[in-house]
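Asker: Okay, sequence plus prediction incoming.
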Amino acid sequence: MELGKEYFGPLWKFVSNHDITDIDYNGTEIWLTNIYNERFRVSPGFVAEYMTPAFVEQFTQRIANVVSQQFNKRNPELEAETSELRVTILHESVAKSGRTISIRKTPPVIRLTAERALREDFCTKEVMAVLINCVLTKMNLVFCGMPGIGKTECAKFFSQFIPANERVITIEDTLELRYSKTNPGKDCVEMKVSEDTFDYAKAIKSSLRLNPKWIMLSEARSKEVKYLLESWSTGVRGMTTLHTDDVRNVPDRILSMLENRMDADRMENDIYHALDVGLLIRKRRREDGSICRYIDQMCFYLRENGKNQILMAVSDGSYVLKELPQQLVQRFQRAGIEDPFSCGLLEEELARTTKEVL
């Protein structure tokens, strides 16, 4: 399904702006979010002139007709997806501030590049090299942070270093990873789940019969995390995102998602066995007032000699790990990586993206 300019009317100027990622109308105001995670309000004059009750109703009906859904008090939520947009509308019976419209862009591009990441202090070169080598070593990665911080975008960036002949299965309820589009020529199966007919648990179980090397789950949020960990324990590798504000909270956060105490007691050790790397992304304000995102924390989850351990590698944005434990060194070496802090693929990516900027 595609929605052209005629569907959006006055909102098209924001939809067509490549620097804007989110358009949110709360019934009285329009707020925009840009690619730098900065949020700002559209002038009240624009809203008063163009966001009239007639236009809001017309826009809603257009979306409802496209997806063949009713929109009223009994059906107060309306959703539609295109190849690059997700539109959500809430009825005024549940959104008491007025009819609410949210438009999120999900373009099939990787906005984060190696050159941009280093230029904007997203992370240091040595941290990026280690993380790319973690992917090449087939470690499982969990990207953490608050909603809208850029977890999925970070996962998209590092997933491009998965070798082309290693099958990747993506599992999402809203298509955002776009692996097949951002990684043309690589083996990929993209699954879209729904609560009624094909939920996350079924998708993960089905994916194991498709000969995957990697499973990328858009977000771990509930009981499906049990099946994800079980799939990883079989040797399938993967990436996922998780809402938390500290990588050290990830094991407890996962345990809280499990359906019963028996699962939690049994799986605590399995979590440390299955997880390898945790990343926490935050945002901060620079001296010039602009906002940037950065890797605030990075850790390794280890289980050795019957003990579980969280080894911090990055804290407060700085690399703090003096020496890699032998367990990790051996994993890198088995993958043919003698120096985890040096990466030929990173140098190639930097050369390519720097050339594109110039």
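Answerer: Structure received.
Asker: Run through the helices of the chain in chain order.
Answerer: 5-8, 12-15, 44-50, 53-67, 114-119, 125-136, 151-159, 179-182, 200-207, 224-233, 250-257, 261-274, 326-334, 344-357 (DSSP state H).
Asker: which helices and strands does the first one pack with?
Answerer: In this structure, helix 5-8 makes packing contacts with helix 53-67, judged by 3 or more Cβ pairs under 8 Å, 6 or more residues apart in numbering; DSSP states H and E. For every residue, glycine as well, the C-beta is placed using N, CA and C.
Asker: next one: the helix it packs on to chain centre, how far?
Answerer: 29 Å (Cα atoms, centre = their mean, to the nearest Å).
Asker: Return the set of buried residues in it.
Answerer: Judged by neighbour count using 16 or more other Cβ atoms under 10 Å, the buried positions of helix 53-67 are 56, 59, 60, 62, 63, 64, 66.
Asker: ok, of those, which one's closest to residue 93?
Answerer: residue 60 (13.1 Å; Cβ to Cβ).
Asker: Would you mind listing the residues in contact with the closest one?
Answerer: When contacts are counted by Cβ atoms under 8 Å, 6 or more residues apart in numbering, residue 60 touches 71, 78, 89, 99, 101.
Asker: I'd guessed the first one sits against residue 80; true?
Answerer: No - no contact is recorded between residue 71 and residue 80 when judged using Cβ atoms under 8 Å, the distance being 10.9 Å.
Asker: Which parts of the protein belong to which domain?
Answerer: By the assignment in automatic domain parsing, the chain contains the domains 5-105, 114-357.
Asker: most tightly surrounded among those?
Answerer: domain 114-357 (a mean of 17; mean count of other Cβ atoms under 10 Å).
Asker: From the centroid of this protein, which residue is nearest?
Answerer: residue 152 (1.5 Å; Cα atoms, centre = their mean).
Asker: which of the contacts of residue 60 lies closest to residue 228?
Answerer: Nearest to residue 228 among the contacts of residue 60 is residue 78, at 30.1 Å by Cβ to Cβ.
Asker: who are the neighbours in contact with that closest one?
Answerer: 60, 63, 64, 67, 69, 71, 87, 88, 89, 90, 91.
Asker: That one pairs with what?
Answerer: Beta-bridge partners of residue 78, counted by DSSP bridges, are residue 89.
Asker: mind checking how far it is from residue 42?
Answerer: According to Cβ to Cβ, to the nearest Å, residue 78 and residue 42 sit 22 Å apart.
Asker: Kindly report the same for residue 342.
Answerer: 47 Å.
Asker: go on, residue 106?
Answerer: Distance from residue 106 to residue 42, by Cβ to Cβ: 21 Å.
Asker: in the stretch 151-300 of the chain, which ranges drop under the pLDDT threshold?
Answerer: 260-265 (pLDDT under 70).
Asker: can you do 90?
Answerer: 173-176, 178, 193-197, 199-202, 205, 218-235, 255-270, 284-292 (pLDDT under 90).
Asker: residues contacting residue 353?
Answerer: Counting by Cβ under 8 Å, 6+ apart, residue 353 has contacts 113, 114, 115, 116.
Asker: Wait, the second one touches residue 131, no?
Answerer: The reference is to residue 114. No - using Cβ under 8 Å, residue 114 is not in contact with residue 131, being 10.9 Å away.
Asker: Name the nearest residue to residue 38, ignoring sequence neighbours.
Answerer: residue 291 (5.1 Å; Cβ to Cβ, 6 or more residues apart in numbering).
Asker: circling back: ok, and the closest non-adjacent residue to the residue nearest to the centre of the chain?
Answerer: That would be residue 176: by Cβ to Cβ, 6+ apart, it lies 5.2 Å from residue 152.
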